[in-house]
Every structure is written in structure tokens, then in C-alpha cells.
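Engineer: Prediction below, plus the sequence it came from.
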Amino acid sequence: MAEVTVLAGSGDQMVAEAFRQANPDVLPVYPITPQTIIVEEFDKFVAEGRVHTEFVPVESEHSAMAAAIGASAAGARTVTATASQGLAYMWEQLYVAAGMRLPIVMANANRALSAPINIHGDHSDILGARDSGWIMYFAENAQEAYDDTLMAFRVAEHPDVMLPVATTLDGFITSHALERCELMDDETVAAFVGEYKPEHSLLDTDNPNSYGMFANLGNFYMETKLAQRKAMEKAMPVIKAVGEEWEAISGRPFDVVKTFGTEDAERVIVVMGSSTGNCRAVAKTLREVGEKVGVVSLRVFRPFPAEELAAALKNAKAIAVMDRAETVGGEGGPLWQEVSACLHAAGNTAPVRDYMYGLGGADVTLELINDIFSDLKTLEADKAAGTVPAVTYKGNR
Amino acid sequence: MSWDYSGNEKWTWDQIPLGAMTLDGGTATGHKTGDWRVQRPIWDTEKCKQCLICWMHCPDSSIKVAEQKMCGIDYEHCKGCGVCVVACPFGALSMISENDARELDEKEVQ
Amino acid sequence: MANIKQLSELPQRLSPGHSMCGGCGATIAVRQVLMGAGKTPVVCGAATGCLEVSTTTFPFTSWEGGFIHSTFESAAATMSGVEAAFRGLKRAGKIPADKKIKFVAFGGDGGTYDIGLQALSGALERGHDFLYVCYDNGAYMNTGIQRSGATPYSAWTTTSEVGNAVPGKRHFEKDLTSIVAAHHIPYAAQASISNWNDLVTKATKAMDIDGPTFLNVLAPCPRGWRVPFDQAVEIAKLGVATNYWPLYEVENDVWKLTENRRKLPIEDFLQPQGRFRHLFKPGNEHLIKEFQTNVDRHYAYIQARVEGSKVYQQKLEEAGLPLVSDDALAMQSGSKLPFQQ
């Protein structure tokens, strides 16, 4: 019987607990704000002998992912965690992990990228890695960060998938703030996560494999990329099935796309991560006075839940996308690009406006969100009048 | 070697092992680098003292050895670099042109 | 160590059919190094480079045992992950506690002296049980002969061009083996493919040690050095004989020359190589002199380390200190130590 402990936990702490319960074989990691609590908490578990994990305190994030690649290829359940410059530093290794089809699980405490240096939350780091071939979860709060991390092992290690998974939580707002969290008992989690039984391993010296081959000739490269795309496609039903299973155990609903008020909403905000709650709170207030507004929040960004998103937005008359990562010089932010492409493919011609918000941890106030809902009232007319810029900054001076 | 990779030129994306790994070791023996050769080392068994220095220095693992003795040259893979000829202290290895060698081979066959 | 006949009976670790240039020194180095593993299974890794691309062109791998490559600068870090998995999985009871595997990572001089130095340093400091081998051919050969931190003074490469204004590489090479030795790892050594007995002895020693070990192997590239394709071993021999490449080992901080017989002038090493052709034009004698001075100075430095090691051992003895402490060894291998919190 599942036993739940209620505690005041930060997102980082909850991720560390999830790592402990999954009992990875190897954890190579390098400290970086705001991920550091994960490393610190986990190392306590190591020092106390509560996990069998080989903790590898590497000298850089680049080596963290390199060591994770080595460990995963050796058949070990492998986890790591990073943020910001750290994720940027391991960038080339992210592609290697995905291309080699290694089911590494990594938590990323989403944070701004330099310059100027800034340690606070935004999505510049993780969305910069959006094309690296990693499955990506976006947690709204510490509880989701915990749940996503546990589910990540099942998804990554599923034979139909075999892709690395990044579970992400917004820096400080989610990584550091204490929230009411539910921690499932170790036995229930162990049974849910299961044991990783790799089909191949570098350490199986009777059946040697070579990993990280040179695919320069014969088009093996292109075919390998297609195989990754196919695996991403197969990941979506696995993500949903695992989510349903965890929902049945935890009692917490899991949807790749979370919706609020979209059944009848005419004005809808699309958002990811920790700002979802604020958007929902504003929408709730507005709905109470009869305004038809709604919120759509993506819990999974890779594979992109296009079908679910199109369904959630099918009644919308005006859409705002809230982007927390710049694509300087681009037509819009990364989330806007994906949402627009998805709507276009679905034949949905509702006007869409892109908002840049919360960069470097800039405040995401209720007022800011209220403004966005308000803007949407005249979006169609404003667009026709040509007064809508490609990207609208909100919350800046 | 158990992994059959024949016909790989025509493999579709779903036939390639996960992440383009190989499912066995030493599969490169199927790559016949002997085609590269423009010169061929010839082994004189009379002069050979079985010191195995040629084997120790061959960059292509192409000096065949069995029971602690050299027993031939792997012409399927030998690239004809000549390192063995230079290394041999007894003049038991010499280079001839690959064209001449092939003509000799054909005569032998006839 | 086994003699050459016994070595010839060991399992083949690197199969033929790779695409390295004919006469390449790197594969000679790999073959000789891996003889040091005896019959124990070996898992190898490599940094991006000639060796890596040419031995792993899908579906052809020359590696008879397990092999892994991730990126250029991460051979040591990647192998440290493999070795960590070996420990972690043993602790978890998922692989037998008595299973033995030797872990060997290879990198060229570019992947070791330069871009991979940080990862190497980290892996050595963390005490992983693996052997790192630098096959040093003195330039980025895979990309077409660009200068590296290992390229000799005054050598021509495509990024240390020789012209009216510049006479080849303007800087002296980095002393990588000393840098590695400064990590105070159990074993570091310099070897050459021309001295197979010395090399295989060192590789055997390195792989028998529990902990991080290092070999810097002179492995000439005939194409980059501009020598005929049958000359890799011969030119390496001259590198050793002129003291360009002293053969020595550093075992628990004790330095020892392992070959100290011949001393030929540096011209004997430089003259056969096209990359030094410009040094032999009249008026450039001073460059050769400077080269010779640097070689002599470095050799004197190594000799001083050897002499100093004797003083070091004497001082340890006087103070009653062990060369290696048992606790440190146990800690390194991950054994549990008696400890009260």
C-alpha cells in the first residue's frame, strides 16, 4: 500500500529524492546554481550509504555528460543535473547522448544564459537545447519536478524509446522555493520505476559493442537521425501510459498539455513551467466575472504534443504565447514558433501574439498576465492595423 | 563473429543497430584494405629467423602468427607500407611492385 | 614480462581492416599497448581523431573488445564514466564482484595536450582505475597537419607555416608527461613504438596498477612528418636516440630513465623529416642550435628529476614516511575504511 509523506520541499530537493528512490548506478555531476541543491542532497545520500550510486564529482559539465555517456553505454542507470552555462557547456555532448540512444535522465534547473551573467530562472538554456534529441518535461512546481523525474526513467529506458530525458524546473521559483510536496514511499517508487535491464553494455565483454561510431559513408548518419525521430514519435504514447500509471498510484493527474477553461475560452495563453500557476490564477479571476479566457500549459515539450495542443486551442479566437527564451533576430520565441507551426498544420487561423517575459527571472506578476489577456481582446484588429510587433516584451523597463 | 552485417549498404533506418553501434568486435576484418597496396612484402622463409619483430611493428595486424611463429602475410589487409621490411633484421622481407606480384600470382594459377 | 613469442599468443585486440594510412605509428602504439593487458578483457575508448574515425567506420570496428567514443575532448571523462559504471554496478550486485576488465583510453596529442587536458586532469585526480594513452604524433593529423601543443619547435605544419617572416612553429612543446606526473598518480611514463620491449613493459605495469595511469607514446605520422611510409619505427628510434623523446617512468613520484644509452645529435632526427627541411638551409643553423639546446635542457631536467627522486626517497626514509600509504590506496579503490562519524 502506497504511503505518502507530506513535506515542505524545494524542487531541487524533490528531484534529489526522486534520484535517490530510482537508485541510479552512476551520477556524474558538476555544481551550478540553481541546480546545486540536487547535487548536495544527493551526495548526502551517498555519504550515508542510502544509495549504491557511484558519485562522480567531475571537473566540468562537459565531462559530466561525457561520463554519463560512458556510464550509460556501460549499462548503468545514469543520472545527472545541471543548469544554464552548464547545459550550454555540455551542448555537444547532449547530441551525442541522444544519437547514441542512451537513456540518461537529467534534471535541468532552467536559468538564463550569460551575458550579462544572471542566475535566475528563464528557459534560455533548455530551449537552446530543444533540437538535441532529448525528451523534455517542464515542471510547474516542485511536485511535478518529482513526478516528472520518476516517470523519466520509465520513458527513457523503455525499449521503444531509448532516448535521454531532461526533466526541467524553473530556477529558484521552483528549484528553491519550499512548497507542500508529497513524497511517495521508497518501495512503491522502486516498484514503479523498476530495474534497468539494458540490452547491450560495454561491460559485457563476451558480446563486445563499439559505441559512437563514425557514420560518414553509406548514409548511415541520415538513417540514424530518422531512427531518433521515430523513437521520439514512439515516446509520446509511452509518456502518456507511464503518466497514467503514475497518476493511478499518486492520485495526481498527468496530461502532456494541461488546460484551464479551454472548453469555452476565446482568449487563451500558452505557457510552460512555473508561470502556469499565475496564469491560471488570473484566468480564474477573469472567468469569475464572465470573461472567456483560458490557459494551456505544456508539461512535455519534446516530443512536441502537437495533436493535444491543437485540440486545446481549437475554440480559441485569440492566442498569446508566453516565451521565456529569446531567439534574437528570429520571427518569434521558440514556443511561439512551435505553437504557430502546430496551429498552421491544424488549419487553425486564430491570430497568435508572442510575448517575451520573465527573462533572467524578471517578475511575472498577475498584472502582467492580466495585460496579456487584455491585449488579446483586440488582437485581430491590431494585427490588421499592423501594430503588433513580432515579439512583444512584457515586464521590462 | 556473430553479427551479420552483409548487405548493410541497403539497410533502412530500422535495420541499423541502436545509435549505429556495432553488435560485435573486430568487424573491420570485412574491410579488405589489401586493395590499397601498390607494393607487396614478400617473405623469404629461408632467411626468416622467426624473431617476430615484423609482427610487433605491423600497423595493420597483418603478419600472421601461429604457435609463436610467423606463418604468412595477410594480403587481404596488408597495405604494403613496408614497415615490416625496414624492421626485419635478417632481410627476410622485401618489397616488390603489386603489379608484378599479381602477374606472378596469375602465372602460378595457370 | 612475457617475451615476444609469448606476446604473439595473446588475443588480438585490434583487427586489420581499419582505414589508418599505411605505415601509421598510432596503430603500432595501440597494438603494443594492449599487449600489456595480457588475457584480461579490455574496454577501450578514444578521443575523436585519426585513430577513432579510421578504426570505427560503421559497420567496421577494429576493436575486438568493447569500444566507446563520444567527443574530441572527452576521452578521459567518457572512460571515467565507464569505469564508474563498473564500480557502481559491482556495488549494486549487478555484475560479479570478481569480474576484471582493463580500461584504456586513447587520445592523440591534440586530444590530450590541448583540448582534452582538462578532462584528463579531472579523471586522474578522481582516481579512476584506467590507463590513458596519448599517441603523440606532434600535430592535428586528422584535420591535415595543424600545430598542437605537442608540435616541436620550428616544425612546419599547416598552421605553423614556414615563410620569410616566420620559420615554422615559434613555441616549444608542452611537457605533458611532467604535467601528468604532477597529479601524483601511481604511474606515468613516456615510451616509443620503436622500443617495443620498454613500451609493453610499461603498459603491463600501468595496467596492473589499481588507479589512474598514463603513457605518452611517440607514434610518428609519416604523412605529417614528411617521411616515407615505411619509416615510422625508424624515425621514432632516432627520436629516442637523440634524446628528443627520453624514455622514462614516474612511479609513485620516483622518476627513472628506462633507456639511457645513445646520444646522437638532433640533426639525425630532424634531417630525414620534411617538416624540418627549412632548418637545413644555409643561415638557419641557429634554429637547429636552439632546438638542440632545448632538447639538452629538457634532458637535463629529466635527469634532475631522477636525481631529485633519490633525495626524495632518502628524505622519506629519514622521516619514516611510506612512498604510498595503504589508506590512500584503499580509498582510491573505493574500499570501505574504518571510520567513525
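Structural biologist: Received, thanks. Keep in mind it's a predicted model, so treat the numbers as computed, not measured.
Engineer: For chain B, what's its nearest residue on the stretch 201-341 of chain C.
Structural biologist: Nearest residue of the stretch 201-341 of chain C to chain B, counting by C-beta to the nearest C-beta: residue C:230, 3.2 Å away. C-beta here means a position set from N, CA and C on the backbone, and glycine is covered the same way.
Engineer: any idea what the residue nearest to the spatial centre of chain C is structurally, helix, strand or coil?
Structural biologist: By C-alpha atoms, centre = their mean, chain C has its centre lying nearest to residue C:216, at 1.9 Å. Secondary structure, DSSP: H, G, I helix; E, B strand; the rest coil: residue C:216 is strand.
Engineer: So the residue of the stretch 201-341 of chain C closest to chain B: helix, strand or coil?
Structural biologist: Residue C:230 - assigned by three-state DSSP - is coil.
Engineer: which residues sit in contact with it?
Structural biologist: Under the criterion of C-beta atoms under 8 Å, 6 or more residues apart in numbering or on different chains, the neighbours of residue C:230 are B:81, B:82, B:83, B:85, B:86, C:23, C:222.
Engineer: so which two of those residues are the farthest from each other?
Structural biologist: Across these, no pair lies farther apart than B:85 and C:222, at 14.2 Å, counting by C-beta to C-beta.
Engineer: So which of the two has more stuff around it?
Structural biologist: residue C:222 (23 against 19; other C-beta atoms under 10 Å in any protein chain shown).
Engineer: How about the backbone phi and psi for the more buried one?
Structural biologist: Backbone torsions for residue C:222, taken as degrees, to the nearest 10, come to phi -60, psi -40.
Engineer: Kindly confirm whether my reading is correct that it touches residue C:28.
Structural biologist: No. At 11.4 Å, residue C:222 does not count as touching residue C:28 under the criterion of C-beta atoms under 8 Å.
Engineer: Give me the common contacts of these two.
Structural biologist: Counting by C-beta under 8 Å, 6+ apart, the contacts common to residue C:222 and residue C:28 are residue C:232.
Engineer: count of residues packed around residue 17?
Structural biologist: By default, I'm working from chain A. Neighbourhood size, residue A:17 [other C-beta under 10 Å]: 25.
Engineer: think we crossed wires, I meant chain C
Structural biologist: By other C-beta under 10 Å, neighbour count at residue C:17 equals 25.
Engineer: secondary structure element for it?
Structural biologist: If you go by DSSP states H and E, residue C:17 is not part of any helix or strand.
Engineer: Same check on residue C:250?
Structural biologist: Under the assignment here (DSSP H and E), residue C:250 is part of strand C:248-251.
Engineer: So what does residue 138 have for phi and psi?
Structural biologist: Went with chain A since none was named. The phi/psi pair for residue A:138 (degrees, to the nearest 10) reads phi -120, psi 110.
Engineer: ok, now which ones touch it?
Structural biologist: With the criterion set at C-beta under 8 Å, 6+ apart, residue A:138 makes contact with A:168, A:272, A:273, A:297, A:298, A:299, A:300, A:301.
Engineer: Could you measure from it over to chain C?
Structural biologist: Distance, residue A:138 to chain C, using C-beta to the nearest C-beta, to the nearest Å: 27 Å.
Engineer: swap in residue A:343?
Structural biologist: For residue A:343, the distance to chain C (C-beta to the nearest C-beta) stands at 38 Å.
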